[in-house]
Every structure is written in C-alpha cells, then in structure tokens.
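S.K.: my questions concern the predicted model and sequence given below.
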Amino acid sequence: MAAIARDFKTLRLDQVSRRFGSVNALEDVTLEVERGEFIALLGPSGCGKSTALNCLAGLLQLTDGSIWLDATRIDGLKPEARGFGMVFQNYALFPHMSVRKNIAFGLRMQGRDRASIARKVEEGLALVHLETQGDKLPGQLSGGQQQRVAIARAIVIEPPLVLMDEPLSNLDAKLRLEMRGEIRRIHDSVGSTTIYVTHDQDEALSLADRVVVMRAGRVRQVGSPGELYARPAHADVAEFMGFRNLLAVPVARAGGGEAEITLGGARLKGTPVEALLDGTATVAIRPDDLVPGPDGPIRATAATVEYRGRDFFGTARMADGTELYFRSAARVEPGEALRLGADAARVLIYSGAKP
Amino acid sequence: MSQGMSAGATGRAVQREPAGARLWATSVWVLVGFFILNLLALIATVVVNSLGTRWFNTWLPEGFTTRWYFSAWDEFQLSDVLIVTFQVVAAVVALAGILGVPAAYALARRDFPGKRFLVLLFLLPLLVPPITFGIPLATVLYKVRLAGSMSGVIVANLVPTVPFVILVMIPFIEQIDPRIEAAARVFGAGTGRLFVHVLVPLLAPGILAALLLVLVRTIAMFELTFFTAGPDSQTLVVALYYAVYAAGVRAGQSIDAMAVIYMVTTLVWLLIALRFVNPAQIVGRAPREAR
Amino acid sequence: MSTASLAARARSERPGLRIVLARHGIDGVTLLAVPSALFVLALFVYPFLYGLVLSLEPKAGGWLANYVKFFSDHFLYETIWNTLQLAIPSTLVNVLLSIPVALRVRRMKHQRLLTAILVLPITLGTVLVAEGLLNYLGPHGWLNRVLVDGGLIADPVRLIHNYWGVLIALFISIFPFTFLLTLSYVTGIDPSLEQAASTLGANARARFRHILLPLLAQGLAINFCLTFVQAFSVFPSAVLLGDPAGVTRVISIAAYTAAFEQYDYSMASAIAMIMGFSQLIIVAAVLASRGLVYRGPAGGAKG
C-alpha cells in the first residue's frame, strides 16, 4: 500500500458537498490545512462536522467538490488507500484482539516486518502510558484506557493526518479534562496534523490552533481561538460561542466603527461586526461581560441568582419582560433593581434580526 | 482568515471499484437470483400442473381446466380436512396464547432462582426438531389414548408452539416500562385487572404477531400431526403427504390441485402476518434495529 | 388489618413466607409461568424419559437388546450413515453460502421483501417443497427440459427418487433458516469496526479475514449446530423425493417404521434415543471447538 505523501504541505478541501437525498449535510466547504496544525471542527449536532470528517477519511463519498493533498487529488481513494489515522467516538477497538494486536493492526496492513511492528507497538504503548496493559482485551479496560489505545492505534502508522471524531464525549468530566491535555501533548510530540471534531467549545478553544465553526453544513467562521472567542463573525456563531444575551434591537446610531443600540429603553454603545443594513440589529453580550454597576445604562430586575463560588450568575428582566443573563461579583437578591452595563468592545452588534 | 483557494476542478468524485469486488458482488446476487428462480419455478410447476388437462412431455400442458380442483375436493374430502385443519389451528393458537403470554410475562418481569433452567426448558422444544421428540411424544399420547384424535393433535402441536410464543413475547414485554404497571398497581389493580386493562392492550401488537406466526407454523407443521393424527384428524399438510405418497394411485394433477389449495391457505395467512411482523420472526429471530 | 396487629407482625422476628419468597423473586406473577412449565415438562421432558425407559424394555431379550439389534443389523445402523451423508454436506453448504449472501444483504434497503421471499420455503413446509421438486426435477420437468433443450446435456439427469433430490430439498428448505440466522449475527457486528479497519489500511479481504470472520465464528458455530439438527431430522423429503428403501433411508424413517408399521414402540424409542444422541455428539463437538474462538460481544467495547 503506497504511502500517501507522509510529508505533505497542505490539505485542501475545495467546495466539498455531500447530499443525503434532499438533505445537504455539507455544502460548499472550503478549507486549507497546513501540516502540523491542530484544527477543530466545531458546531452543534447536525452541523456536518462528522460528515466532513468521514468524507476526509473516505468513509463517505462526496457528491460534489474535491479534496487535495498537495497536488494529489484524494477524494477518489478508498479509506484503506489514504492512510489517515482515525479515532472514533466509540473507539471501535477490535474486541477480539489484545491491546497490542489492536495497535499493531495498521502496521500489519502496511506489511512491515515483525521486529519493526513490535518496536513501534511498544513505542505506541509508551506514548499513551499503557505499557503494562498490552495483553489485555478492550473489554477489560476502562473508558479512558480504551480511548488511549484508540489514539495509539491511529498514531503508530505515522499517518499524514489524524482524524478524531468527538473522542472524549463518552468520558466523564474529569477524565475528559485529563485526556484533553494528553491529546494535545501527543500531537505536539509526534508533530502530526490533527483534525478534531467536537461540539464542546471549551475543548475546541483549548486544543486547537484554528477553529472551524460549522452550522447546517456550511462553514461559518474559521479563526484562532482568540478571534472566535472575542469576535465571532456572525450572530449564530456568537450564540454558539456562549454569547447568551442575543437580542434583536433597533439601531440608534451607527458610523465610524462604532454604533449605539437601544436596549431596555437605554442606549448602549457597541462594536459592529457586520455591516448594519437597516434599522434593526442583533446585539450579543456574554453574561460574563454584563455586570451591574452604579451607572449601568440598562435597568432590570434580578429574577434568579446562582452562587458559583467566585461570583454570582443571574437572570434579570427588563421592563418589557426580556430576559438578560449577567454576572455579579457581589451577592444580588432576587427582586433587586439593577443597572447593567458592558464594555463597548464586548458588546457585539450584528446585522438583521436574530437567526 | 484563510478560506482556501477555489480550484477549477469540481465535479463528481468517483470511487473506482476494482473489477474483482464487482465480480464477487455480481456472483452473490446471481446465486440469490438462481435460488429464488428455482424456488418460484417449483411452486409454479405445481400450480400449472393442477390447471392442466394432460401434461407429459411438453413445456406446458396440452390444455387448461379447473376440473382437477373439483375432483380433488371430493377425492380427498377436502371440506372435512379443511374444517379439521382450522379447528386444530384455532385451538393451538388460542391455547398457546393463553399458556404462553402469562409465562412470558413472568419470565420478563421476575428474576428467581432456577430462572435460567426454566428458560432452557422452554428453549429445548424449539431447538430439538419435531421428529426427535415426536416419536416419544406420540408413544406417550397413545398410552393415554389421546393419540388418533383431534385432542392428541392439538396437544402435540402445542409442544413447540407454547415455547415459541414465550420466546417471541419476552422482548415485547421487556419493552413496556415496568413503571406503568407499578402505577396501575398503586391505583389498586390486581394482576388480573392489570392484564385485562393495561397489559393486553399494550401488548396487542406483539400478541397478534406471535399468534399469527404460530398460525402459519402450525398449518405447515407436518411431523407432529403425522405421528398423532387418526384418519379423522388429519390436517391439510398430512393429507397432502398421504396423497403424494400414494401418487401412483391418484392423478398427479389432482394431487397438485390439493397442493395448491394448501399453498393458498398458507400464503394467505403469511401475507396477513407480514403486515404485522418482520419475516425474520418466523424463525423466532427478533430483528435488530437498523442503524 | 388493624394497626395493632400490623405492629405486632412488624415486631415479630421472622418475616412471613410470602415476603421471603418475594425477596427471591417468587410471587403470584412468577406462578404464571407454572402452567407452561408443567406442560413442557409433561409433554417434552417426560416423553423422553418414558421413551428411554421404554427403549430398555424390549419385546425380547435383555434390557439392551434394542440397541444391540440396532448396531448389529446393517439395514438399521447404516441409517446413521445415510442421514449424515445428507445432513453434513447440506449443513456445510448452507452455512458457508449464507455468509457472503448475508454480508451483501445487510446493506440492502429492501431487506424485508427479500426476506419474505426467502422465507417462503419455511412457510410452505417440506411436504410442499417435496411435491414441487417431484414435478420440477422430474425427467420431463422444467429443469431437465432447460438443460436438454439448451444443449447442456444429452439425456435428462436423474434427480428424483434418489440422493440428489433429497439434498436439493434440504438445501431449499433449510437455507432460508440458516441465512436469517447468519444475517442476524452479521448485523450485530458494529459497523465502526470495519470502518476503523479500513482507515488502518485493510482492504475488503483483510477486513473479512481479520475482523468479520473471527467475530462471526461463534455465531457460525451455533448456526451450524441448529442447521445440522434440522437437516439430520429430514423425513418427508426422504420418503417422497428420495429412495426410502435405499440410500436415503434415514434414521427417522427407521424410527417411523418401527413405531407405525411394526408397532414395536420399544424399538422405535430406542431409535429415537440413538437419533437424539447422535445429534448431541456432533453438536457437542462443534460447541466444544467454540472454546478456540472469540466468544464475547461483537460490538465495539465501551468501558
């Protein structure tokens, strides 16, 4: 089996589309990935991220578009010919093979000699800290251990690309955090190129060099974690990134890179992200950025308050009944009258009404 | 941010299937097709023969007629045989349901010492073919003078059908949330009322499926009836066997007319059953959920 | 029950018998299984025991006389060989052919239609299949007609009233059963296992050899046993379609003859015992070799 350019420079998806009957699971996805990058595909259920990954792996065929590895077109190749490593959501460890045999499987398919296989398997076990578990069957391992075997199995074949399909979603919270670090550590030490699918924005932001936010089969934004966190390009991306205050509001004033909107009868300065076309806009504010203060412009009454250790998280109602989410350093009682405000740089304004 | 350059190449991505894989797939379908073709042909040959006047050395009979059906009806006393068949089948279906459904409920809802043994006990009559236990069973029934009458036939046919009902019903019952039953009990229903007002309505599709399958299987059940029937208690399939066995004496077309009547009886009930069941359940295999 | 007596009962040390039984899962509901259990015990288990005892009370001779007679009479003991000659090839062919067909069919969208057609022989039963084959495979039947008129053979090939007719009947009657069983095992294998194997470089042959076959092995062994047991019990086909006095004189015919033509119930029971025992030996041998193969679940294991 010929190795596909193990040292490639660029992976390119070119207007990739995948249709199931009348449903467009993927539409016009275009993306370039440089060697060595850690890319996260992020989005809610059904956004097409897993479909994109399966198309990259060759498990699904494209209905339109093409995929290129440098100058070679690869979307016509079967999965066994592409040589990409893949880690599945349910691990897909072969239940009848020991850990060693599982990890060795890809190497056997490559036709390596026994000695070299044995050596690489030991390297793989050491990489994921499972040296003593080599002879166990997958059924005898814990979830986290199975996860690590799945990763080792995909890495030892030295693939040009490692594909991960929500690998941590079946683990409990504590293990998830631990494994997150492990995955990044392995990526860095091996120097692989990783494409990682997740619906968890914390995971994506903490792991990736660049994040691709998807929705309804389309790419909505590609950027570094910092960019995505501070400046989502569209209202729906903002919603997904945790801007829980997402409201349709009239524009009071716009121009010169600044704008003012009317919220709860008061005027609030904000930063326009999209060109504001007509008189309405969508304003997005993170709850963390909306805080009560002595001269906050928005008047609201606290409704519920949650204690979170370092601060309080609450909901408040404006005079017209709209609900806002805010954060407070000091205790706030339900029913208290509040004056909420936020930094202009943290108030993002998008065009049109909420999607 | 980088969105990639749009290359000129678009168009469908095609997977090239190696010739070997396509050949293999084709040969598998050819095999299946051949099987089905022969199956349909052997059925067709019976039907055609039953409608033919004389058929010896040609592709099709010389002429067509329906007189064989009338002669078969008289010759083999089919009206009596059909009545017997339906009586037997109705009794078996009813009794298998009455015995099997409550037993399935008990096995689905309770865990008790010896349960595994009991499950094995119910599995055995399904795993052991009818011939193997048919002869000892017939011997016992002769001893208690049940054999040779319709009661004997009914009892014999119940042996594999009661476990079959149990096997098919258990997954259906396990699907019902036990908390619904708990709620009924909290509101005062004893087991009897629980069955009548809650369980049977919820289980109706499952019971219907199981009983239809029992019906189809019992019409076709040969060995058990063969060993226990008397001359007045033969079901249609046994009468057909005797007719074919004595084929030298009777006209082949007449026998085939009877065979067609048998086929129609079975297939009508199969078609009705297929509205409610998955074909795989006829061998007792609950189909897995499609992914 | 008054509060006082309730309290009195609560204070007593020993719980009532009902409660003890209920703790072990035995109560009124459990008793619902009793009628069926008694029925199966009385009409399945008991006849076997009765038959065993009866077989040891022959019409003449010592208590093993029936068995001695069976194994010393050529006409009788060769029935085992006749039956095996039919059962083993048909079982092997059925099981082996069911594998590729099941692997193809599991990806089909209209499985139900195909399954319904394939279930026809089971629904119609062995007698009808035998009668159909008597017509179809006969010297003037359509099959021979196609072969002769098509120039493939000169004279009609003899397929009825001999070994081949019965073998074909066994194949047609039992293949659907074997196929459905294999299909259920095949669909129980997690598809992500094959996907993982293909991303690791395994082509279709390698996936079959390293993933599918090992995971199917356990199910195929069980399938073999169930199919074999059915084939071994061949009866009406062997009589109607075969040569019941000769090469297709199967053991069930011997048992039937003893019971209903010679009225020697003791001998018939002995033959039935021998028949059951022969099946048991082969099944046990196949199941014992299961120990050599993987026996766990075929889904991707989750911790």
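M.R.: Received it, and whenever you're ready, just let me know what you need.
S.K.: tell me which residue is most central in chain C.
M.R.: C:Leu226 (3.1 Å; Cα atoms, centre = their mean).
S.K.: for it, phi and psi?
M.R.: phi -60, psi -40 (degrees, to the nearest 10).
S.K.: would you mind measuring from it to C:Gly219?
M.R.: Here the criterion is Cβ to Cβ, to the nearest Å. By it, C:Leu226 lies 10 Å from C:Gly219. From N, CA and C alone the C-beta is placed, and that goes for glycine too.
S.K.: C:Leu76 too?
M.R.: 36 Å.
S.K.: ditto for B:Val93
M.R.: Going from B:Val93 to C:Gly219 by Cβ to Cβ gives 31 Å.
S.K.: go on, B:Val283?
M.R.: 14 Å.
S.K.: rewinding a little: the more surrounded of B:Val93 and C:Gly219?
M.R.: B:Val93 (20 against 17; other Cβ atoms under 10 Å in any protein chain shown).
S.K.: ok, the residue nearest to the centre of chain C - contacts?
M.R.: By Cβ atoms under 8 Å, 6 or more residues apart in numbering or on different chains, C:Leu226 lies in contact with B:Leu127, C:Phe177, C:Leu181.
S.K.: up against chain B, what does chain A have?
M.R.: Applying Cβ under 8 Å from any Cβ of the partner chain, one finds that chain A approaches chain B through A:12-15, A:30-32, A:61-68, A:73, A:75-76, A:78, A:210, A:219, A:221-223, A:227.
S.K.: how about low-confidence regions in the chain?
M.R.: Unless you meant another one, I'm taking chain A. Scanning chain A for pLDDT under 70 picks out A:1-6, A:278, A:353-355.
S.K.: wait, chain C
M.R.: C:1-15, C:292-303.
S.K.: ok, back up a step: spit out the residues that contact C:Leu226 and C:Gly219 alike.
M.R.: The overlap between the contact sets of C:Leu226 and C:Gly219 (Cβ under 8 Å, 6+ apart) consists of C:Leu181.
S.K.: contact partners for B:Pro205?
M.R.: By Cβ under 8 Å, 6+ apart, the neighbours of B:Pro205 are B:Phe172, B:Phe276.
S.K.: what comes up buried for the helix or strand harbouring it?
M.R.: Using DSSP states H and E, B:Pro205 sits in helix B:200-220. Using 16 or more other Cβ atoms under 10 Å in any protein chain shown as the test for burial, helix B:200-220 gives B:202-203, B:206-220.
S.K.: what does the helix or strand following that helix contact?
M.R.: Using DSSP H and E, the helix or strand that follows helix B:200-220 in sequence is helix B:223-228. Helix B:223-228 is contacted from outside by B:88, B:129-131, B:134-135, B:137-138, B:141, B:146-148, B:152-153, B:155-157, B:159-160, B:234-235, B:237-238, B:241, C:233, C:235-236, C:256, C:259-260, using Cβ under 8 Å, 6+ apart.
S.K.: next, see if the longest helix seen in chain A gets close to chain C.
M.R.: As assigned by DSSP state H, the longest helix anywhere in chain A is helix A:173-190. No. Helix A:173-190 stays clear of chain C (Cβ under 8 Å from any Cβ), getting no nearer than 9.8 Å.
S.K.: pretty sure A:Lys9 contacts A:Arg35?
M.R.: Yes. Counting by Cβ atoms under 8 Å, A:Lys9 does reach A:Arg35; the two are 5.7 Å apart.
S.K.: okay, and the residue of the stretch 101-250 of chain B found nearest chain A sits in which element?
M.R.: As assessed by Cβ to the nearest Cβ, chain A sits closest to B:Arg116 within the stretch 101-250 of chain B, at 22.3 Å. Assessed by DSSP H and E, B:Arg116 sits inside helix B:115-127.
S.K.: again with A:Arg327
M.R.: strand A:323-328.
S.K.: what strands flank the very next helix or strand once past that strand, and is each parallel or antiparallel?
M.R.: As assigned by DSSP H and E, the chain's next helix or strand after strand A:323-328 is strand A:337-341. Take DSSP bridges as the rule and strand A:337-341 pairs in its sheet with strand A:291-292 (antiparallel), strand A:298-307 (antiparallel).
S.K.: so what secondary structure elements neighbour the worst-scoring helix or strand of chain B on mean pLDDT?
M.R.: Ranked by mean pLDDT, DSSP states H and E, the helix or strand of chain B with the weakest confidence is helix B:191-193, at a mean of 79. Using 3 or more Cβ pairs under 8 Å, 6 or more residues apart in numbering or on different chains; DSSP states H and E, no helix or strand is in contact with helix B:191-193.
S.K.: now do the buried residues in it.
M.R.: Those would be B:Thr191, for helix B:191-193 by 16+ other Cβ under 10 Å.
S.K.: likewise for stretch B:121-140?
M.R.: Those would be B:121-122, B:124-140, for stretch B:121-140 by 16+ other Cβ under 10 Å.
S.K.: can I get the CA coordinates of that stretch in CSV?
M.R.: Output of stretch B:121-140 as CSV, limited to C-alpha atoms (Å, rounded to 0.1, in the frame of the first residue of the first chain):
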residue,chain,number,x,y,z
LEU,B,121,-36.6,-25.8,29.4
PHE,B,122,-38.6,-23.5,27.1
LEU,B,123,-35.8,-23.3,24.6
LEU,B,124,-35.4,-27.1,24.2
PRO,B,125,-38.6,-27.8,22.2
LEU,B,126,-37.6,-25.2,19.7
LEU,B,127,-34.0,-26.4,19.3
VAL,B,128,-34.9,-30.1,19.1
PRO,B,129,-36.5,-30.9,15.8
PRO,B,130,-40.1,-32.2,15.9
ILE,B,131,-39.1,-35.7,14.7
THR,B,132,-36.8,-36.3,17.6
PHE,B,133,-39.4,-35.6,20.2
GLY,B,134,-42.3,-36.5,18.1
ILE,B,135,-42.0,-40.2,18.3
PRO,B,136,-41.6,-40.4,22.1
LEU,B,137,-44.4,-37.9,22.4
ALA,B,138,-46.7,-40.0,20.2
THR,B,139,-45.9,-43.1,22.2
VAL,B,140,-47.0,-41.3,25.4
